[in-house]
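Q: following is a predicted model, sequence given first.
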Amino acid sequence: MNEIQDAGGAAVSERVTGIVDGGTDWQEHIYSPNAAIQSHNISFSGGNDKTNFFTSFGYFDQEGVVKNSSFTRYTARLNISHKASEQFNMGVNLTTSYTFDDYISGGFGTNESAGVLYAAFNWDPTETIYNSDGTYFTSPFINTDNPLALIYGEQAVSNKYRTFGTVFGEYNFTPEFKARVNIGGDMNYQRRDVYIDKSTITGSASNGIASILQGMNSNYLVEGLLSYNKDFNENQHFDALVGVTTQKFIYDDVTTVGEGFVSDVTKTYNIGSGDPTLRGIGSSKTDNKLLSYLARVNYSLFDKYLFTSSFRVDGSSRFGENNKFGYFPSFAFAWRADQESFLSSFEQLSTLKVRTSWGQTGNQAIGNFQSLTTFSNGPVYVYDDQLASSQQPSRFSNPDLKWETTEQINFGVDFGFFEDRISGGIDYFIKNTYDMLLDLPVPTTTGFNTRTSNVGSVRNSGFELSILTRNLVNEFSWSTSANLTALRNEVIDLGGIPEIITGGAGWANQISIIREGEPVYSFYGYEIEGVWQQNDDFASTNDNVSPGDFKYRDINGDSTVNADDRTILGNSIPKLFYSLGNNFSYKQFSLDILIEGVHGVSMYNNNLAETYFPISFRRNRYAEPILNRWTPENPSNEYPSFVDPLGQGQKYVNSYTVEDASYLRVKNIRFSYQYQPKSAFIGSATFFVSAVNLLTFTNYQGLDPSINPNGNADLRVDFNAYPNAISLMFGINLSL
Amino acid sequence: MIILAVSGCEGFLDETVYNQLAPDNLLQTEDGVEALLTAAYAETSLGGSKYHQIESEWSTDISWQSGGGENVYALLYMNFTIDASEGNLFSRLWSQPYQGIRNCNVLLDNLQDASFPVEKIDEWTAETRFLRAQNYITLYQAFGPVVLRTSENDPLSQLRVGEEEMENFIITELSESIDGLPAKGQEKAYGRVNKDIATAVLCKFYLNTGRWSESAVLALDLINSGRYDLYPEYEDLFKVENERNKEFIFVRPRTHLSRSQSLDWMASAFPAGFRADPVSGLLWQSTWANFGSQYRLYDSFYNSFDPNDKRRNLILTTYVNTSQDTLTLLGNDDTRSFKFWPDPNADGAAHGNDWPVIRYADILLSRAEALNEMNGPTQEALDLINLVRDRAGVDDLVLGDFPSKESLRDHLVAERGWELYTEGHRRVDLIRMGKFIEFAQARGKNAKSHHVRYPIPQQAIDSDSLLIQNTGY
């Protein structure tokens, strides 16, 4: 680093003057080397010919991969069914759980709002943990707090209580004609307590900050169904169903914040003892509703020709006054060719089924109120040196919003040979999603940037292939299952808009593009051709570049690299998913090995972007590009000199930082032994040992190519990700 | 059961709004109107002020920047390589003013047929029209003439107007709002607009558009009002405890209670590891923030001051760091503007010092400039400048030293730099005085005549097919 400083890459004050206390591997200090997981389950079932019950109790406990974090869950379940008469059945299924989560702050925050992982990735490894007086060292070079202060000084816990269940009653008017009513509910109550104590930078500035969030997230369902089934004769079977479903989702919460505490001891448990002038409160309540009518008919002829048709009318409170309801039909046909007499001579062919279907489904996954004009809390202003709250328009409302529709066409064949020793299926599908619910750009002079609208269409098409072979079926048995999915995603139509550039992470914004003919959210940035060398022709560029700087591709050939030279660099949707499972068993021993992978997918590696474009000199970075950087003596054409990393501006998204995130992973290996004692008390016992995520093969440089901490599955961004652990498990299953 | 469920569904899917307000329950009450007006004030006050203060100097002879997340875009301003994709152009200079304009238009549309007392409607209307005009000034100074929206019922997509229409609109709006606004001291709260503020804003707008006599007249009105005076000590003028003085005419009120409405300048002015200022004795407080993004002054600017100039005393040239070493900033293009002296109650980056937009010294210098542009150097113009120089402890100017209009204009370029540095004026001043491109080229920058305007942000262009980019970009 000092050599870079010598070359003019940083101020004298940023020079590394020594490695304090031998330096610190911050990541080593935040991860627990051996985090234990325990899982216990016990269940009972029983009953008589009128009443049956099932009950279970579960316990799950996991120490966090990051220190001072843990997760504990208790679950109890009770199912009862009772046959009151020949005509009437009733029952109840209930599950209740309590979850305690001692979590770490994370997310996409940077600098002073960053969490533990960002801090550990970015803190200078030449610094020490503690000052001589035992307090946490704070660095003059980065205004993120000491990673250990963030672990031990920010206590964040969540207590969650969840109860969900259904009560049902079923009445048989005749053996063919039934009515059923389901009434269900799912209630999640959560309380989150966060206390930032005085050992941290923010906590010491405010003398401790306590915040409590209490929220209830619940939904209720009422459903009535009528079903009729009839065998007209031995060759014709018919069944039909009609029903109505209503569901209501309610969310409400209260938040309280206090700061300025005499002591850290009371944490969030005496929030009123803080500074009375520095209290904050908030509350919210929203709900949304669904109402659906459905009908379905199945008809089979000779048990060879199978027809299904259904029709749903779905209503959602989220859409415009005149567009609440969407209409979604579907049809399916299957032919069991192996039942045909003309194929019975092919003895090797044990199964052959040909399927095709067409159907539509709806999507209402948008926020509430998008069709209404409302006002919500605006920015604060200062009157007479006091803060004043405000109200401003919440959105550019769209009263014409309606359901997004996905139309799927499917062709498939199921096959089996040699008494199904070899079996499998192959499917081809096309999914067209149209009237997509997108936040569409509107003229920004309106004071709004986007408006939720129905627009354009996207097509997902592909193949799915699955094969199961039973290779050996003797005392030693071996079976193999393989799955392969090939997928292609393409934006077909954007309703006249040329493109939408969107998305951000860390310091980078506008990282992806939605453009007709390309996969959604394709990464959009600069192509790196190499590194400027001393003998290059610098007259060919108008940009301010020196030997050792990245050479970006000047796509439009105007001798300057700017926003017009951005190009598509990959996307987040894998072209191929595959998995291969093998099971070996011998007597009571069994071994399962599962390998899975994805291919043809990219991810934006924000930590790599911070290596190439550090916002300040004394930040931790990936070692290899720095150690092999360009110098006059080492004229690398791969790595830059790092002397003036931001000299060409904001080019975070480029062909280096958008990395290939394909991988092959040994997902699971499980070895088990089943013990069957000749005892009256124990039915059987299975002992097992398993390993999850044991080995991963990838060219991806980040922690894990399979994670995506970004909320959008179609835009993969690796940033401050909570790492996926390699876990080893030992267990016993007992049945009595 | 099914029949019950079906018949019970009438209106079931109506959307119930619990936590937000609707036009028919917000804008029918005075508190509701005030709440929307407050949002218009907040958007107009340019929160996140350090960007707005420094944006006006990165491309000038006073300041430069290094480090931090801000460096990514600071370089574009400093090197005249800015293009339409720079994010702050959109979020801070384009989107925020247009959000303010939207809030004003919603309010004005609804006030037209509201059933409040006439004098209330008149005052709200005047305040709102002032705020809307102020946002159009922000847009005009950044981008040139833009799309003029005066009602929520305007068509979605519109062409940019011409320069003359833009200027006439702003002048009319400000002139008419002056009538309806309360006199100074009669406004509902400190931080709200009054007649003098609108007068001062119009005076500066006249100046910036070359309407010299109109500007000189309004400046004289303010000078003759007797309501304003220079604060005796320049070094104390910007301290948080000296707010509400007789010099500040128009401020963006700031508080340490909210980062978004604070003055966060100091977090980028403290040099790395700052612990003490050996000259003033200022000591570091652990409650203050010091960012990686560092705002530095050119030595050529520091050295241009008269050594006796008190205004120079607010520039830090040496400091003591965490290792107790005394480091020299002068000589490395690294001196720091400590004009907005740290607020002892600051919370992190949030300091409470009010940000003066127009102060009395600016009005004095503006009238001097307008008189010079009209008549060339006169004793009256020099007397106005000398009022400002006397307070700074430097010698009076004498008429004999200024043979031409150009020579006094050149002096005013320097004088305004010394008086108003890091307050957010420099870019507009240099453009008005014709020095912006010349100075940048003298610093070796590839500045071209089109750089007096920023490019219309790409996101705005993408959103509206009628929006035409500025020439040169």
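A: Everything's here; your move. Just so it is clear, the model here is predicted, and its values are computed rather than measured.
Q: name the element residue A:616 belongs to?
A: Assigned by DSSP states H and E, residue A:616 belongs to no helix or strand.
Q: isn't it right up against residue A:140?
A: No. Counting by Cβ atoms under 8 Å, residue A:616 stays clear of residue A:140, with 10.3 Å between them. From N, CA and C alone the C-beta is placed, and that goes for glycine too.
Q: of the two, who's got more company?
A: residue A:616 (24 against 19; other Cβ atoms under 10 Å in any protein chain shown).
Q: show me the contacts for that one.
A: A:14, A:141, A:142, B:67, B:68, B:292 (Cβ atoms under 8 Å, 6 or more residues apart in numbering or on different chains).
Q: how about the helices of the stretch 1-150 of chain B, start to end?
A: Along the stretch 1-150 of chain B, counting by DSSP state H, counting those that start in this stretch, helices occupy B:2-7, B:23-26, B:30-44, B:49-58, B:71-78, B:87-88, B:96-111, B:118-143.
Q: would JSON lines of the ones you listed with mean neighbour count, mean pLDDT and distance to chain A be doable?
A: Formatted as JSON lines, the helices of the stretch 1-150 of chain B follow (neighbours: other Cβ atoms under 10 Å in any protein chain shown; pLDDT from 0 to 100; distance: least, Cβ to the nearest Cβ, whole Å):
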{"stretch": "helix B:2-7", "mean neighbour count": "13", "mean pLDDT": "42", "distance to chain A": "4"}
{"stretch": "helix B:23-26", "mean neighbour count": "14", "mean pLDDT": "83", "distance to chain A": "5"}
{"stretch": "helix B:30-44", "mean neighbour count": "22", "mean pLDDT": "95", "distance to chain A": "4"}
{"stretch": "helix B:49-58", "mean neighbour count": "23", "mean pLDDT": "90", "distance to chain A": "12"}
{"stretch": "helix B:71-78", "mean neighbour count": "22", "mean pLDDT": "86", "distance to chain A": "4"}
{"stretch": "helix B:87-88", "mean neighbour count": "20", "mean pLDDT": "88", "distance to chain A": "5"}
{"stretch": "helix B:96-111", "mean neighbour count": "24", "mean pLDDT": "95", "distance to chain A": "3"}
{"stretch": "helix B:118-143", "mean neighbour count": "21", "mean pLDDT": "97", "distance to chain A": "9"}
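Q: could you dump those to CSV with distance to residue A:331?
A: Formatted as CSV, those follow (distance: least, Cβ to Cβ, whole Å):
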stretch, distance to residue A:331
helix B:2-7, 25
helix B:23-26, 46
helix B:30-44, 52
helix B:49-58, 59
helix B:71-78, 55
helix B:87-88, 49
helix B:96-111, 48
helix B:118-143, 56
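Q: so for residue B:320, which of those helices sits nearest?
A: Of all these, it is helix B:49-58 that lies closest to residue B:320, at 24.0 Å by Cβ to Cβ.
Q: okay, the angle between that closest one and helix B:71-78?
A: Here helix B:49-58 runs at an angle of 40 degrees relative to helix B:71-78 (axes from the mean of the first three to the mean of the last three Cα atoms, to 10 degrees).
Q: got a list of contacts for helix B:49-58?
A: Applying Cβ under 8 Å, 6+ apart, the contact partners of helix B:49-58 are B:46, B:63-65, B:70, B:74, B:77-78, B:88, B:92-93, B:252, B:254, B:262-265, B:267-268, B:295, B:355, B:421-428.
Q: that one vs helix B:96-111, what angle?
A: 120 degrees.
Q: chain B contacts on the stretch 501-650 of chain A?
A: A:501, A:507, A:509-510, A:542-544, A:562-563, A:613, A:615-617, A:646-647, A:649-650 (Cβ under 8 Å from any Cβ of the partner chain).
Q: in the chain, where is pLDDT below threshold?
A: Reading this off chain A. Along chain A, the model assigns pLDDT under 70 to residues A:106-109, A:679-682, A:736.
Q: my bad, the chain I had in mind was chain B
A: For chain B (pLDDT under 70), the answer is B:1-10.
Q: kindly state the beta-bridge partners for residue A:499.
A: residue A:515 (DSSP bridges).
Q: separation between it and residue A:515?
A: Counting by Cβ to Cβ, to the nearest Å, the separation of residue A:499 from residue A:515 is 4 Å.
Q: still on that earlier bit, just flag the most distant two among the contacts of residue A:616.
A: A:14 and B:68 (12.5 Å).
Q: tell me if residue A:597 really is in a strand.
A: Yes. According to DSSP: H, G, I helix; E, B strand; the rest coil, residue A:597 belongs to a strand.
Q: return the residues of the stretch 351-473 of chain B in contact with chain A.
A: Residues of the stretch 351-473 of chain B lying near chain A (Cβ under 8 Å from any Cβ): B:352, B:446, B:457, B:458, B:459, B:460, B:462, B:463, B:464, B:466, B:467.
Q: quick check: closest non-adjacent residue to the third one.
A: The shortest distance from residue B:457 to any residue that is not its chain neighbour, by Cβ to Cβ, 6 or more residues apart in numbering or on different chains, is 3.6 Å, and that residue is residue B:90.
Q: residue B:463 is in contact with that neighbour, correct?
A: No. If you go by Cβ under 8 Å, residue B:90 and residue B:463 don't touch, sitting 10.0 Å apart.
Q: residue A:278 reaches residue A:260, doesn't it?
A: Yes. The pair residue A:278 and residue A:260 passes the contact test of Cβ under 8 Å, sitting 5.4 Å apart.
Q: and residue A:194, how far from chain B?
A: 18 Å (Cβ to the nearest Cβ, to the nearest Å).
Q: what's the burial count for that residue?
A: 19.
Q: list the contacts of it.
A: Applying Cβ under 8 Å, 6+ apart to residue A:194 gives the contacts A:105, A:154, A:155, A:156, A:209, A:210, A:211, A:212, A:268.
Q: before we move on, what about residue A:261?
A: Counted by Cβ under 8 Å, 6+ apart, residue A:261 has contacts A:207, A:208, A:210, A:273, A:274.
Q: for the last one, phi and psi?
A: Main-chain torsions, residue A:274, degrees, to the nearest 10: phi -80, psi -180.
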